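Peer 1: Fold the stuff below for me.
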Amino acid sequence: MGVLKDHPELVLFVSLALGYLLGKLRVGPLTLGGICGTLIVSLLLGAWTKAQVSGDVKTVFFALFIFALGYMAGPQFFRNLTKKSLRFFVLCAIELAAVLGIAFGLAKWFDLDVGTASGILAGAATESAVVGTATESIGKLSGLSAQQITEYQGNVATAYTVCYLFGLITIVLYTSQIMPMMMRVNLRDAARDLWERTRSGGSLEPDERPALPDMVGRTYLVTTADGRTVGDLESHLGDRVTVESVKRGSKILTPAPELELTLSDLVLVVGRRARTIEAGRLIGPETPGVPGLDSPLATSQVSITRKANDGKTIDQIQRENPEFLTDGVYITDVTRTDTDLPANGDTVVHRGDVLTLVGARSGLAKLVGKLGSVVKNDATDFIYLGLGIAAGSLLGQVVVKFGSIPMSLGTGGGCLISGLLFGWFRSRSQTFGAFPPQAAATLKDMGLAVFIACTGLVSGPQAWPLLKEYGALLPFAGIAMVLIPASLSLLVGRKLLKIEPPLLIGAIAGQQCSTPAITAVTQVAQSSVPMLGYTITYALSNFLLPLTGPVLVGVLGS
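Peer 2: Model prediction:
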């Protein structure tokens, strides 16, 4: 134990390893998750080793976590600020009002300290970020001794651990099992019906690839196109197919429009699958790949940044830029923030959308400047990242008084808002401020995990007295603070907002920021349709719930 006490960095990383191992244990559809597992392990190790970790470590890693969280959610958050999404705002408002009201009521009724009340709020709402924003706000309360601040901050972690466990079980069972019975719907059938009414194209999982790709290349032996020119053939097939190469004997010919095809020529055709297959009827039988005939195609991701292209369909863009036809360049994918859109001719694109272009390198070079700019997302732009976190830290220091109550966002709230803004601003062009998704996700997870481990190690020694004092209250609070807002949202969403059951159940899981809940719901529905409601409320609650920590601390600490 002496080694662990003298080397807090060792205890810290042991907490991470064992915590994530504990978090992988599964009971039915339930897993604790790495964060809750880390907090449990760090509380135990903290009580055993009495290891001390500098408070600055917590502050730095929490700033990294909360900024990355905002950066990733920013584009989707602002995209959801539309009239169509207003009804989902109501569900998030119910969640915020309910959890704040219940936490405040419990604090007054049972005379809870500000740390325990904040921990109940964070755990029952299953929102780990509240632990950070509340802990930071407690550290800024005036009139408290250093010992009281340490005690209250420890109570946040302990209350969070117990309430999170019961809140997690409640939201998973309530959304996936009980809500469909209450609405008297078969979630699987309802999801399928909604999908049939609204679908605009299938989606693939991250490890899947289309068995029949839309963009293909095929080689044909000329038997029926003798004497026909390349230009005539392409004109007949339309703008979805181009002749990329022609092999005559041992020679590779340039497929100029005036080139006449002769018997036994080998022709490489590239384009949309349906039209490329049709080319065989006009040219002759398909052949295996021919050495030397294959023409390599380059791929480029281009962000729509020119105003002239904003709001146009893909068909309009292709008609206005003849290089698509003359140079054989195709739009194969359209991405808006993290959503894949069908690359159909009637798909409307907007600034910030990313088009995947496939074709000859020379053709791509001509088109990039006319459409926008090449996406830069290969390495993290630490200038942009550093400025964003610094701006958030400064914003967090601003204090605003509501009556006699001083309120500030703190480093956590400030970095969350700056992350949202910086992430949204980057998404408008994606040519600067690169923060690759995998890097952002790693920084977010690592930042929160280290912060939680530090909090648990410091809080471990005083965890047991709190559990003895409020042992029965914490499970009750964890269950009640899930059931009450979820039930209110179910009633309002179904009766007043008329949200379809699969979307409503997904949205309620999202307002609770519960990934395990939406996982269980999609498993029951055997469909990803509930995710359509989940993503909207999840983005909103991910931004709004962390701000409840400073609000509750400010009200109770005044």
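Peer 1: hang on, isn't Leu121 packed against Pro550?
Peer 2: No: using CB atoms under 8 Å, Leu121 is not in contact with Pro550, being 11.3 Å away. Using the backbone N, CA and C atoms, a C-beta is placed for each residue, glycine as well.
Peer 1: Now do Gly101 against Ser137, distance only.
Peer 2: Distance, Gly101 to Ser137, by CB to CB, to the nearest Å: 19 Å.
Peer 1: what do you get for Ala63?
Peer 2: 15 Å.
Peer 1: Contact partners for the closest residue to Val329 other than its chain neighbours?
Peer 2: Sequence neighbours aside, Gly359 is the residue nearest to Val329 in space, at 3.4 Å (criterion: CB to CB, 6 or more residues apart in numbering). Neighbour list for Gly359: 297-298, 327-330 [criterion: CB atoms under 8 Å, 6 or more residues apart in numbering].
Peer 1: so Gly359 bridges to which residues?
Peer 2: With DSSP bridges applied, Gly359 shows beta-bridge pairing to Ala298.
Peer 1: For Pro342, see how far away it is.
Peer 2: Taken as CB to CB, the span from Gly359 to Pro342 is 19 Å.
Peer 1: ok but Lys247 is inside a helix, no?
Peer 2: No: if the criterion is DSSP: H, G, I helix; E, B strand; the rest coil, then Lys247 is strand and not within a helix.
Peer 1: Leaving out the residues flanking it, which one is nearest to Leu532?
Peer 2: The shortest distance from Leu532 to any non-neighbouring residue, by CB to CB, 6+ apart, is to Leu503 (5.8 Å).
Peer 1: Is that neighbour within a helix or a strand, and which one?
Peer 2: Using DSSP states H and E, Leu503 maps to helix 501-511.
Peer 1: Give me the distance between the two termini of stretch 491-499.
Peer 2: One end of stretch 491-499 sits 10 Å from the other (CA to CA, to the nearest Å).
Peer 1: neighbouring contacts of stretch 258-271?
Peer 2: The contact list for stretch 258-271 (CB under 8 Å, 6+ apart) reads 215-223, 225-231, 233, 237, 240-248, 253, 276, 279, 283, 287, 290, 293-295, 297, 328, 330.
Peer 1: can you pull out the strands in the stretch 201-350 of the chain?
Peer 2: Shown for the stretch 201-350 of the chain, the strands assigned by DSSP state E, counting those that start in this stretch span residues 215-221, 241-248, 251-253, 266-272, 286-287, 298-304, 330-336, 339-341.
Peer 1: right, so of the ones you listed, which gets closest to Lys50?
Peer 2: Lys50 sits nearest to strand 339-341 of all these, at 48.8 Å, using CB to CB.
Peer 1: Now do that closest one, average pLDDT.
Peer 2: Summarised as a single mean, pLDDT over strand 339-341 is 70.
Peer 1: Now the closest residue to Glu127 other than its chain neighbours: which helix or strand?
Peer 2: Leaving aside its chain neighbours, Glu127 sits nearest to Leu545 (4.4 Å; criterion: CB to CB, 6+ apart). Taking DSSP H and E as the criterion, Leu545 maps to helix 530-557.
Peer 1: Give me the angle between that helix and helix 501-511.
Peer 2: 30 degrees (axes from the mean of the first three to the mean of the last three CA atoms, to 10 degrees).
Peer 1: Now do helix 530-557, average pLDDT.
Peer 2: On average, helix 530-557 scores 78.
Peer 1: same for it, what does it pack against?
Peer 2: Helix 530-557 sits against helix 55-79, helix 86-109, helix 114-124, helix 129-139, strand 405-408, helix 410-427, helix 501-511, helix 515-525, with contacts defined as 3 or more CB pairs under 8 Å, 6 or more residues apart in numbering; DSSP states H and E.
Peer 1: wait, which of the ones you listed is closest to Lys376?
Peer 2: Of all the helices and strands packed on helix 530-557, it is helix 410-427 that lies closest to Lys376, at 10.1 Å by CB to CB.
Peer 1: just how off-centre is that closest one within its chain?
Peer 2: Centroid separation between helix 410-427 and its chain, computed with CA atoms, centre = their mean, to the nearest Å, is 15 Å.
Peer 1: just checking, what packs against the very next helix or strand once past that helix?
Peer 2: Next helix or strand after helix 410-427 toward the C-terminus (DSSP H and E): helix 437-459. Here helix 437-459 touches helix 8-23, helix 34-49, helix 55-79, helix 129-139, helix 146-173, going by 3+ CB pairs under 8 Å, 6+ apart.
Peer 1: For helix 437-459, buried residues please.
Peer 2: 440, 443-445, 447-459 (16 or more other CB atoms under 10 Å).
Peer 1: just checking, what packs against the helix holding Leu503?
Peer 2: By 3+ CB pairs under 8 Å, 6+ apart, helix 501-511 packs against helix 86-109, helix 179-183, helix 187-198, helix 473-491, helix 515-525, helix 530-557.
Peer 1: For the closest residue to Val375 other than its chain neighbours, give me its contacts.
Peer 2: Spatial nearest neighbour of Val375, chain neighbours left out: Gln301 (4.3 Å); criterion: CB to CB, 6+ apart. Contacts for Gln301 (CB under 8 Å, 6+ apart) come out as 354-357, 374-375.
Peer 1: hmm, 6 Å instead?
Peer 2: Residues in contact with Gln301, defined by CB atoms under 6 Å, 6 or more residues apart in numbering, are 354, 356, 375.
Peer 1: quick revisit: just give me how far the helix holding Leu545 sits from the chain centre.
Peer 2: Remark: helix 530-557 is offset 15 Å from the chain centroid, using CA atoms, centre = their mean.
Peer 1: cool, stretch 447-456 as well?
Peer 2: On CA atoms, centre = their mean, the centre of stretch 447-456 falls 21 Å from the chain's centre.
Peer 1: start at 489 instead
Peer 2: Sure thing, new numbering starts at 489, so read that last one as stretch 935-944.
Peer 1: Check which residues of stretch 761-780 are buried.
Peer 2: Buried, per 16+ other CB under 10 Å, within stretch 761-780: 764, 766-768, 770-772.
Peer 1: gap between stretch 1036-1046 and the chain center?
Peer 2: Put simply, stretch 1036-1046 sits 29 Å off its chain's centre (CA atoms, centre = their mean).
Peer 1: List the buried residues for that stretch?
Peer 2: In terms of neighbour count (16+ other CB under 10 Å), stretch 1036-1046 has its buried residues at 1036-1045.
Peer 1: swap in stretch 649-668?
Peer 2: Across stretch 649-668, burial judged by 16+ other CB under 10 Å covers 649-664, 667-668.
Peer 1: re the thing from before, may I see the helices and strands packed on helix 925-947 organised as TSV, with distance to Thr868 and mean pLDDT added?
Peer 2: Converted to TSV, the helices and strands packed on helix 925-947 look like this (distance: least, CB to CB, whole Å; pLDDT from 0 to 100):
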stretch	distance to Thr868	mean pLDDT
helix 496-511	22	86
helix 522-537	23	79
helix 543-567	11	79
helix 617-627	22	79
helix 634-661	31	80
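Peer 1: any idea which of those helices is most buried?
Peer 2: Among these, ranked by average contacts under mean count of other CB atoms under 10 Å, first place goes to helix 617-627 (a mean of 28).
Peer 1: Could I have the CA atoms of it written out in CSV?
Peer 2: Coordinates of the C-alpha atoms in helix 617-627 are reproduced here as CSV (Å, rounded to 0.1, in the frame of the first residue of the first chain):
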residue,chain,number,x,y,z
ALA,A,617,-20.7,15.9,-16.6
VAL,A,618,-22.9,17.3,-13.8
VAL,A,619,-20.4,15.8,-11.3
GLY,A,620,-17.7,18.0,-12.7
THR,A,621,-19.8,21.2,-13.0
ALA,A,622,-21.3,20.8,-9.5
THR,A,623,-17.9,19.9,-7.9
GLU,A,624,-16.3,23.0,-9.5
SER,A,625,-19.1,25.3,-8.4
ILE,A,626,-18.9,24.0,-4.8
GLY,A,627,-15.2,24.9,-4.8
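Peer 1: for it, packing partners?
Peer 2: Counting contacts by 3 or more CB pairs under 6 Å, 6 or more residues apart in numbering; DSSP states H and E, helix 617-627 is packed against helix 602-612, helix 634-661, helix 898-915, helix 1018-1045.
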